[in-house]
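Undergrad: Got a predicted model here, sequence first, then my questions.
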Amino acid sequence: MNMKKNTRPHKTFKSEFKRRFDMWLLQHAQAFIFSLGQYIKYPISNILTTAVIGISLALPASFYLILDNVRHVSSSWDGSLQITLFLQTEIDDKQATAFANNLLKHKIINETRLIKRADALAEYQNLSGFADALNTLDENPLPNVVLVKPTLDNMDEARTEALIKELEAMPEVDSAQYDSRWIKRLLNLLNIINRAIVILSTLLTVAVLLIIGNTIRLAIHNRRSEIEITKLFGGTDSFIQRPFLYSGFWYGIFGGIIAWLLITISMQMLSGPVKQLANLYSSDFQLIGLGFGHSLILLGSGIALGLFGSWIAVKRHLRAIEPV
Amino acid sequence: MIRFTNVHMRYPGGNEALRNINLHIAQGAMVYITGRSGAGKSTLLRLIALIDRHTRGQVIINGQNLERVRNRRIPIFRRHIGFMFQDHRLLNDRTVFDNVALPLVIAGYRHQEIRKRVQAALDKVSLLPKVNSYPMALSGGEQQRVGVARAVVHRPAILLADEPTGNLDPALSLDTMKLFEQFNQVGVTVLIASHDLDMIKRMSKRIITLKTGRILTHGGTPTEA
């Protein structure tokens, strides 16, 4: 008996809480479905709006993707600081092999790779399309080549220069080539492009917010009488704004999906030619597409922008409507 | 149920819509408010529904002093009131069912309960067969009855009607008033603002006549204001 009395207030509080929670959940579900229904009800205008949002999202995302790919390519170059030694033409394969092995004893040199003149010619014939012209030559014009990879750590400009001078002085070597400047220039250029993309992304983000905000503002305007009636029959502000916020959510998520499709299709269209180009450089480089993580970020940004844009519109315009 | 004590209402801009109004309407009463356009009929209803706030005096509705109802609590306060308008103000992109269900949806009723109550309300105004129609497909009288159903579906304590028969012919007006009478008989306090004196006289209920914001008469028969 006593126990019962004690548990009672707790119980009613709990059931009251559950009732309110159920009602809250129900009203959210209603707003969620209602706003989707509104979206489907006016397909043309909504799809157009969503397409604009999708393109605005796809532009910065694809710029980032391009930058990511360029970085990927250039980092593989950057990582392989590599000196090319063209040997004297008198040096035959045997001597060249010995020379290459000998170089490994040098403490700054990590790795050497010999490209024999015959292999080089075969590869060149294969890739350049000058096979017939090359066949007319009596002898192989190409020298043996040794690719030298220095030990990577602490290779500053001065030490690299010194190493090149040292290698060039060797009797077997005709010339040594090492050009790091263009990589540096490229990296600097990439930094500028990166910043440009950040600026552009910011502008396009603002554009998405304005598009969604304006669309929601128009929706609020079009449903003014409904809002008035709802307020008159005791609809709270959060009840009235909920469908509009969910509309923003739908614009955002569908815009994100459109952006994702645009990027994925574009990548598909580009991957073929890029692969061909990479083959020409005997690289197995492949385009990096939107991974799972990036796709989630894209959709997430769409949803976040949709909710934020509609929230701004709702805060600005909904309060102003009072029943008359 | 409704008590006005020395109530003044001055709109921003200086238009004094109500001056020194004192009245008491008991629970379960049915009262007509009449007077010319601009006499303050609508303003009186607006003050009761907290659409506007009075500028002086005291208004007590259903035991609540309106000055103490904060803006945030107004939606909850309004859920005890049903509204009727001259121009129906139905939502044309929603079916009759959805229109009538609106007050229940706002209050967070469950779907089964909503269905039950909406059907009961539509049955009461003999519009059950039109439940899935859109308002534009209905006649003026039918639209008005949908408005009535919406005004009472959430069983409000007070029903406010602003010129509910303004667009209807005399026969339909009388039907509407009979409907109000039925709701009144089950305990709803009914306030009707109307300038349709001929009809009001026939209903033999209490009549409050307003003239330029003051109460002119307060009795069973209206004067030509």
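TA: Looks like it arrived, so ask away. Predicted model, so just to flag it, every value in this text is computed and none were measured.
Undergrad: Find the residue at the geometric middle of chain B.
TA: residue B:160 (1.4 Å; Cα atoms, centre = their mean).
Undergrad: Now that residue: phi and psi?
TA: With angles defined as degrees, to the nearest 10, residue B:160 sits at phi -110, psi 130.
Undergrad: which residues does it bridge with?
TA: residue B:83, residue B:191 (DSSP bridges).
Undergrad: May I ask you to name the longest helix in chain B?
TA: Assignment by DSSP state H gives helix B:170-185 as the longest helix of chain B.
Undergrad: which residues sit in contact with the residue nearest to the centre of chain B?
TA: Residue B:160 makes contact with B:45, B:48, B:49, B:81, B:82, B:83, B:84, B:191, B:193, according to Cβ atoms under 8 Å, 6 or more residues apart in numbering or on different chains. To be clear about C-beta, it is placed using only N, CA and C from the backbone, and glycine gets the same treatment.
Undergrad: about what we covered before: and the longest helix of chain B, what other elements does it pack with?
TA: Packing partners of helix B:170-185 (3 or more Cβ pairs under 8 Å, 6 or more residues apart in numbering or on different chains; DSSP states H and E): strand B:30-34, helix B:140-152, strand B:158-162, strand B:189-193, helix B:197-203.
Undergrad: The fourth one vs helix B:140-152, what angle?
TA: Our comparison of strand B:189-193 with helix B:140-152, counting by axes from the mean of the first three to the mean of the last three Cα atoms, to 10 degrees, yields an angle of 140 degrees.
Undergrad: Could you list the residues in contact with strand B:189-193?
TA: In contact with strand B:189-193 (Cβ under 8 Å, 6+ apart) are residues B:1-2, B:25-34, B:41-42, B:44-45, B:48, B:157-164, B:177, B:180, B:183-184.
Undergrad: List the contacts of residue 143.
TA: As the question left the chain open, I've gone with chain A. Per Cβ under 8 Å, 6+ apart, neighbours of residue A:143: A:86, A:87, A:88, A:89, A:91, A:117, A:174.
Undergrad: nope, chain B
TA: So residue B:143 contacts B:88, B:90, B:135 (Cβ under 8 Å, 6+ apart).
Undergrad: in a helix, that's where the first one is, yeah?
TA: No: using DSSP: H, G, I helix; E, B strand; the rest coil, the secondary structure at residue B:88 is coil, not a helix.
Undergrad: That one: neighbour count?
TA: By other Cβ atoms under 10 Å in any protein chain shown, 22 other residues sit near residue B:88.
Undergrad: what's it sitting at in phi/psi?
TA: Main-chain dihedrals, residue B:88, degrees, to the nearest 10: phi 60, psi -50.
Undergrad: need the residues of chain B near chain A, please.
TA: Contacts of chain B with chain A, taken as Cβ under 8 Å from any Cβ of the partner chain, map to B:49, B:51, B:75-79, B:81, B:83, B:89, B:91, B:102-103, B:105-108, B:110, B:154.
Undergrad: So which of the residues you listed sit within helices?
TA: Counting by DSSP H, these place B:75, B:76, B:77, B:78, B:102, B:103, B:105, B:106, B:107 in helices.
Undergrad: Domain map for chain A?
TA: A:32-77+A:184-317, A:82-179 (automatic domain parsing).
Undergrad: Just name the most buried of the ones you listed.
TA: Mean neighbours per residue, mean count of other Cβ atoms under 10 Å in any protein chain shown, is largest over those for domain A:32-77+A:184-317, with a mean of 17.
Undergrad: That domain close to chain B?
TA: Yes: with Cβ under 8 Å from any Cβ as the measure, domain A:32-77+A:184-317 is seen reaching chain B through A:225-226, A:228-237, A:239.
Undergrad: where along chain A do the strands fall?
TA: A:83-87, A:109-115, A:145-150, A:173-177 (DSSP state E).
Undergrad: mind checking how far the longest one is from the chain centre?
TA: The chain centre lies 35 Å from the centre of strand A:109-115; the measure is Cα atoms, centre = their mean, to the nearest Å.
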